[in-house]
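*Asks:* this one's sequence-less:
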Ligand SMILES: Cc1cc2nc3c(=O)[nH]c(=O)nc-3n(C[C@H](O)[C@H](O)[C@H](O)COP(=O)(O)OP(=O)(O)OC[C@H]3O[C@@H](n4cnc5c(N)ncnc54)[C@H](O)[C@@H]3O)c2cc1C
Ligand SMILES: Cc1cc2nc3c(=O)[nH]c(=O)nc-3n(C[C@H](O)[C@H](O)[C@H](O)COP(=O)(O)OP(=O)(O)OC[C@H]3O[C@@H](n4cnc5c(N)ncnc54)[C@H](O)[C@@H]3O)c2cc1C
């Protein structure tokens, strides 16, 4: 089976994020594999181990993303591809990424493409579905279980806390939700072998794309941090009075009712 | 000169950090309280290939370097000092002597399962009456036909309660000047006559298994002698030189853990209307702690690098061990101080770091012995 994983290098949102000049400060930020993409890598490895084939991890980014690709190789992926857009694209968006990925994937005869459900930085959840649309193959988002028998695929997906089972066929694109699997740690032999595995680097030119073809469809107006959490308030007194005070506050202060 | 870690070293650091944070740190408190050796953690450590870092692929290892190994010890030790000690001892004392001095047959039979993480081994040098003065070994090995018969007692042997193989030192004869010849023997732990008990109630590194070994007419085949029969003493000195790098790395890990807790606490704890980190007395302590940790880590990396370059590293590994372990004790002590009364409470965990750090100034050569090693290297 020919399996592709879409992987993004992103900053760790569990670390402190700071802004300077309206941009997220990259110095001092920790960079990781987008956690949902880690589920995708793990699932791809499991599918390959059960059904044979090859796992290729693809990212659109810059030189720095090599580290995350090597980590995926150390986990057990077979090949990696870095589509380096550093010199060509200044402000990309989900359209840019999806367009580039689909140009890369269109002649690859992928049986299965797995991405993360969202990237924790932008959080749009658009890249997977857009790639599938451009490749004209079916897609299922936020999956928590994947079973493949021949060409037939059975998928359980998370629908706002409930689950839905869908039957479909390969080729297919899915996006991984938490709970799909438990991503493995890259093992020591895996880490040492990763440096010998192929990691190809491509640019827009290699995909016959011009900068105009991938120009962002959106514009970022402003980036700001969420307001600081205010200290909580403990209401006192008679229970009935507290309830009255609470509903009052919800109406006048929080303005939620 | 290049101070940056290679991609592999960085990946190993991240992987071990991740693993230790998720699988060891959450149970460290309980392991210390119950003095429990985490067998299940060692199974995973083995599966991840961490027990095989500095050994070549032909023996099932991953062909990593000593720096990568030191990084792994630091990260595991940062999560739990006792687990870190057992990990370091398994690699540096359990496996390394067999790798350095074993015959090809011995390596296949004894080393491969260790490197693959299927078993643990221990190194039994210390005796009730021979600690720093390991030359005073009283355990004896006498050749009878095709077998050595070993009698004696070893104390405080790390991991022996869970080991499959022991490397045991014993007096095997006298040289022409009448001095004892010390040799090392490979003793499978299921050999009759061997009694291993783990009853010590330790101050720290309580997650680490520490055992007493009694050998009564223990018979091993003649070919179980490790390395040169006449150079057992030199061999264990070399083994300890390597082990010191890992003890130093463990000290850096413990100190780093204590420092991070103290720094965070000092920013949150408000007295006299401001976070205590803003009092110079506390800020200066933290500055010293951070600086000393960095210096110690650099010395650990340098000693490891020298070993990897096959250059002499006896003096540097003693520097690293001596400075890092005394630094760790100071740093962990200051971390308690910064925590005030809370730091004295077990719940805040910094007191455990201090108890764990204390062992590092004793095991694998006390601080005094490190100074002895260094001064001898200086020609004193
Ligand atoms: C938890 C733990 C795990 C251990 N694991 C192992 C293991 O796996 N394998 C193993 O073989 N051993 C192990 N040991 C033993 C350890 O290596 C010894 O405790 C250590 O070498 C010191 O020996 P000793 O305790 O007999 O102290 P002693 O040698 O009696 O030393 C007592 C004091 O005298 C000082 N001293 C001794 N000689 C001199 C000198 N010439 N000049 C100046 N001062 C001197 C020492 O520095 C020390 O302060 C372990 C010990 C502990 C506590
Ligand atoms: C076993 C035990 C028994 C105790 N018994 C009693 C008792 O019987 N009665 C009682 O009342 N209390 C008792 N205490 C509390 C003890 O007196 C306090 O722990 C101590 O006064 C320190 O206060 P703290 O723990 O809140 O630390 P903090 O005051 O929060 O201090 C934390 C750190 O900040 C430093 N610091 C604070 N302010 C400054 C400053 N302005 N400049 C520089 N550094 C500063 C401190 O020196 C310390 O290093 C006990 C504590 C323990 C652990």
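*Replies:* Thanks, I have it. Computed from a prediction, not measured in an experiment: that's the story for all the values here. Numbering: from 1, shown residues only, chains lettered A, B, ... in the order given. Ligands and ions are numbered 1, 2, ... in the order given.

*Asks:* Let me see the mean pLDDT of stretch A:22-42.
*Replies:* Stretch A:22-42 comes out with an average pLDDT of 88.

*Asks:* so where's the longest helix in chain A?
*Replies:* The residue-count maximum for a helix in chain A (DSSP state H) belongs to helix A:35-51.

*Asks:* Which positions within that helix qualify as buried?
*Replies:* A:35-48 (16 or more other CB atoms under 10 Å in any protein chain shown). Where C-beta positions appear, they are placed from N, C-alpha and C, glycine not excepted.

*Asks:* the helices in chain B, which residues?
*Replies:* B:7-19, B:25-34, B:39-47, B:66-79, B:81-89, B:96-101, B:104-106, B:112-115, B:232-268, B:280-308, B:314-343, B:350-360, B:367-377.

*Asks:* out of those, which comes closest to chain A?
*Replies:* Comparing the helices of chain B by their distance to chain A (CB to the nearest CB), the top pick is helix B:7-19, with 4.9 Å.

*Asks:* In the closest one, which residues are buried?
*Replies:* Residues of helix B:7-19 classed as buried by neighbour count (16+ other CB under 10 Å): B:7-17, B:19.

*Asks:* For that helix, name the packing helices and strands.
*Replies:* helix A:66-75, helix A:188-194, helix B:66-79 (3 or more CB pairs under 8 Å, 6 or more residues apart in numbering or on different chains; DSSP states H and E).

*Asks:* What angle do helix B:25-34 and that helix make with each other?
*Replies:* Helix B:7-19 and helix B:25-34 are oriented at 60 degrees to each other (axes from the mean of the first three to the mean of the last three CA atoms, to 10 degrees).

*Asks:* Show me how far helix B:7-19 is from its chain's centre.
*Replies:* Distance of helix B:7-19 from the chain centroid (CA atoms, centre = their mean, to the nearest Å) equals 20 Å.

*Asks:* Below-threshold pLDDT in the chain: ranges please.
*Replies:* Assuming you mean chain A. For chain A, applying pLDDT under 70 flags no range at all.

*Asks:* Give the burial count for the closest residue to chain B within it, as a bare number.
*Replies:* Relative to chain B, the nearest point of chain A is residue A:188 (3.0 Å; CB to the nearest CB). Residues lying near residue A:188 (other CB atoms under 10 Å in any protein chain shown) number 28.

*Asks:* repeat for residue B:219
*Replies:* Neighbours of residue B:219 under the rule other CB under 10 Å: 16.

*Asks:* residues in contact with residue 85?
*Replies:* Looking at chain A here, since you left the chain open. Contacts of residue A:85 were listed using CB atoms under 8 Å, 6 or more residues apart in numbering or on different chains, and they are A:60-62, A:92, A:96, A:100, A:203-204, A:214.

*Asks:* The intended chain is chain B.
*Replies:* Listed by CB under 8 Å, 6+ apart, the contact set of residue B:85 reads B:77, B:158, B:205, B:208, B:250, B:356, B:359, B:363.

*Asks:* if we go to 7 Å?
*Replies:* The neighbourhood of residue B:85, defined by CB atoms under 7 Å, 6 or more residues apart in numbering or on different chains, consists of B:158, B:205, B:208, B:250, B:359.

*Asks:* Neighbouring strands - and their directions - for the longest strand anywhere in chain A?
*Replies:* The residue-count maximum for a strand in chain A (DSSP state E) belongs to strand A:139-149. Strand pairing for strand A:139-149, using DSSP bridges, gives strand A:152-159 (antiparallel), strand A:172-176 (parallel).

*Asks:* any residues touching that strand, and which ones?
*Replies:* Here strand A:139-149 has contacts from A:43, A:47, A:51, A:117, A:125, A:128-129, A:132, A:154-158, A:163, A:166, A:168, A:172-177, A:179-180, using CB under 7 Å, 6+ apart.

*Asks:* Show me just the buried residues among the residues you listed.
*Replies:* A:43, A:47, A:117, A:125, A:128-129, A:132, A:155-158, A:172-177, A:180.

*Asks:* Please tell me how far the one residue in the stretch 1-150 of chain B that gets nearest to ligand 1 sits from chain A.
*Replies:* Residue nearest to ligand 1 within the stretch 1-150 of chain B: residue B:131 (1.7 Å; CB to the nearest ligand atom). Remark: distance between residue B:131 and chain A (CB to the nearest CB, to the nearest Å) = 34 Å.

*Asks:* From ligand 2, how far off is that residue?
*Replies:* 34 Å (CB to the nearest ligand atom, to the nearest Å).

*Asks:* repeat for residue A:20
*Replies:* 33 Å.

*Asks:* next one: residue B:320
*Replies:* Here the criterion is CB to the nearest ligand atom. By it, residue B:320 lies 29 Å from ligand 2.

*Asks:* That residue and residue B:297 touch, don't they?
*Replies:* No. Checked against CB atoms under 7 Å, the pair residue B:320 and residue B:297 is beyond contact range at 9.3 Å.

*Asks:* neighbour-wise, which of the two wins?
*Replies:* A direct count of neighbours by other CB under 10 Å for residue B:320 and residue B:297 places residue B:320 higher, at 30 against 23.

*Asks:* Tell me which residues touch that one, please.
*Replies:* Contacts for residue B:320 were tallied using CB under 7 Å, 6+ apart; they are B:244-245, B:248, B:299-300, B:303.

*Asks:* Ligand 1 next: which of the contacts of residue B:85 are close?
*Replies:* Filtering the contacts of residue B:85 for neighbours of ligand 1 using CB under 6 Å from any ligand atom leaves B:158, B:205, B:359.

*Asks:* just curious, which of those residues is nearest to ligand 1?
*Replies:* Checking the ones next to ligand 1 among the contacts of residue B:85 against ligand 1 by CB to the nearest ligand atom gives residue B:158 as the nearest, at 3.4 Å.

*Asks:* What distance do you get for that closest one to residue B:123?
*Replies:* 8 Å (CB to CB, to the nearest Å).

*Asks:* now swap in residue A:65 and tell me
*Replies:* Distance from residue A:65 to residue B:123, by CB to CB: 44 Å.

*Asks:* Tell me the residue of chain B that sits nearest chain A?
*Replies:* Nearest residue of chain B to chain A: residue B:49, at 3.0 Å (CB to the nearest CB).

*Asks:* neighbours around that residue, how many?
*Replies:* Other residues lying near residue B:49 total 25 when counted by other CB under 10 Å.

*Asks:* so residue B:166 touches residue B:189, yeah?
*Replies:* Yes. Here residue B:166 reaches residue B:189: they are 6.2 Å apart, a contact under CB under 7 Å.
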